[in-house]
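J.: Build me a structure from this.
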Amino acid sequence: MDLEQEWEAARVQAGRAMTRLEVAEGYTADREFRYHVAAVDAACEPAAQYERRISEITWRYASASVLLGITVLDRLVSGRPPLNRSVVKQLASTEPTLGQLREAFSIPSSRLRAARDAKEQQYGEEQRELLLAGLEGAYYNVMHQEVDGRRRSREEADGCRLTVVSEEGMDPFWDHLLQPVLHLAESLPYEISCSLPYLGAYRHVVPRESDAPVGHRPGAGREVTGLRTVLECSTSATALRQGPDAGAGPAWILHLCPAHTEGLASWPGACTDAPELALECGTVIEYRTTEQLLQSHADLWLTRLTGLRPGIPERTWADLLEQAHQVLSARLEGSDTGEDSPLASVVTMVDMARWNATEGNLQQATVPLSYAETLALRL
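T.: Below is the predicted model:
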């Protein structure tokens, strides 16, 4: 969002400078001295250069965000384990090639948006087709660009990154793609949160050797109501701790590494070895109801940070989250931490949860609370 706004501001600035230059050229066309035009032109050039640079940066990170988001969403609905941290870092920080984008945009909307109704899936399919059409325009430009006296083949274009092959002084090859890609990048986190109950909806995908077989997981076939990270540990899990069984299966499944199998007393349960797992230690897959999830968040971290307890007569979850946001905001204002601090991020996440609860969507409120829970580990 910050990059998009900076890009839009840079476009306005460059456009304004260009307009002034055109006006100045018009009314000084027949004059002998045109120093004013030269001055306006000198001011226009750095504005255009900055617009180009911020456009390039925005494209690089927006396209990387889209590839990462689609990859996560595809693994989610396919029932495959989450990406490890090193892969996430690489995808998030590296501009994808044309081939990677084409492969991502080729996944049907009905597959990625199984959680959405037919109308939303149709809209997603239309947007996907527009993105593919825009990508074909980029392919055309790249394949008609002469390099060492010849043009690139389709296979060679697959490996190209647009910021590398776009020439200075010409419209960048990503120009017509940037706006729709930004829109898609902003929508993917919500699509992922909507798809949590559909974990493994498309299990026909052949798993990699490192993927835990979906049918062998203790919660296989049940509706997932949340994903949480309750411990900051990048080690792969080798054991499972299961919550109480109410008849349909464990209430939750906590993934642990050898160093933490005896830890986390607030998550009691029997531990079993599972060497085939590819999830990171501290990951919890939830099967509890929305009410139970909200109560768990309150018990484990929200009450500790705010002093507010649920269960008071006439206090709804929306009321509790509203008050929690006020308490945490006051705590942030009285601290010397910056906008990038864990506390500031917790305040933002709780505010999102508060808004969802106010709108009557308590299930959606649990998604930002899960992010806040992980951030609260650092407080």
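
J.: residue boundaries of the strands in this structure?
T.: Applying DSSP state E to the chain gives strands spanning 146-147, 150-151, 226-229, 239-242, 252-256, 271-273, 283-286.

J.: Pick the most deeply packed of those.
T.: Mean neighbour count, computed with mean count of other CB atoms under 10 Å, is highest for strand 252-256 among those, reaching a mean of 25. Every C-beta, even on glycine, is put in place using the N, C-alpha and C of the backbone.

J.: Show me what that one packs onto, helices and strands only.
T.: Under the contact criterion of 3 or more CB pairs under 8 Å, 6 or more residues apart in numbering; DSSP states H and E, strand 252-256 touches strand 239-242, strand 283-286.

J.: can you tell me which of these the model trusts least?
T.: Between the helices and strands packed on strand 252-256, the lowest average pLDDT goes to strand 283-286, which shows a mean of 86.

J.: how about low-confidence regions in the stretch 101-250 of the chain?
T.: Scanning the stretch 101-250 of the chain for pLDDT under 70 picks out 197-222.

J.: And the helices in it, which stretches?
T.: Using DSSP state H, counting those that start in this stretch, the helices assigned to the stretch 101-250 of the chain run over residues 109-112, 118-143, 154-158, 162-165, 178-194.

J.: which of the residues in the longest one are buried?
T.: By neighbour count on 16 or more other CB atoms under 10 Å, the buried set for helix 118-143 is 121, 124, 127, 128, 131, 134, 135, 138, 139, 141, 142.

J.: cool, stretch 98-116 as well?
T.: Buried residues in stretch 98-116 (16+ other CB under 10 Å): 98, 100, 101, 102, 104, 105, 109, 112, 113, 114, 115, 116.

J.: List the contacts of the residue nearest the centre of the chain.
T.: Residue closest to the mean C-alpha point of the chain, counted by CA atoms, centre = their mean, is residue 189 at 4.5 Å. Residues in contact with residue 189, defined by CB atoms under 8 Å, 6 or more residues apart in numbering, are residue 69.

J.: do you know how far it is from residue 363?
T.: 16 Å (CB to CB, to the nearest Å).

J.: wait, isn't residue 345 in contact with residue 374?
T.: No: counting by CB atoms under 8 Å, residue 345 sits too far from residue 374 to count as a contact (9.5 Å).

J.: In contact with residue 97, which residues are there?
T.: Going by CB under 8 Å, 6+ apart, residue 97 touches 158, 159, 160, 161.

J.: hmm, back to that, for the helices of the stretch 101-250 of the chain, give me a markdown table that also has distance to residue 62.
T.: Converted to a markdown table, those look like this (distance: least, CB to CB, whole Å):
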| stretch | distance to residue 62 |
| --- | --- |
| helix 109-112 | 18 |
| helix 118-143 | 12 |
| helix 154-158 | 20 |
| helix 162-165 | 11 |
| helix 178-194 | 5 |
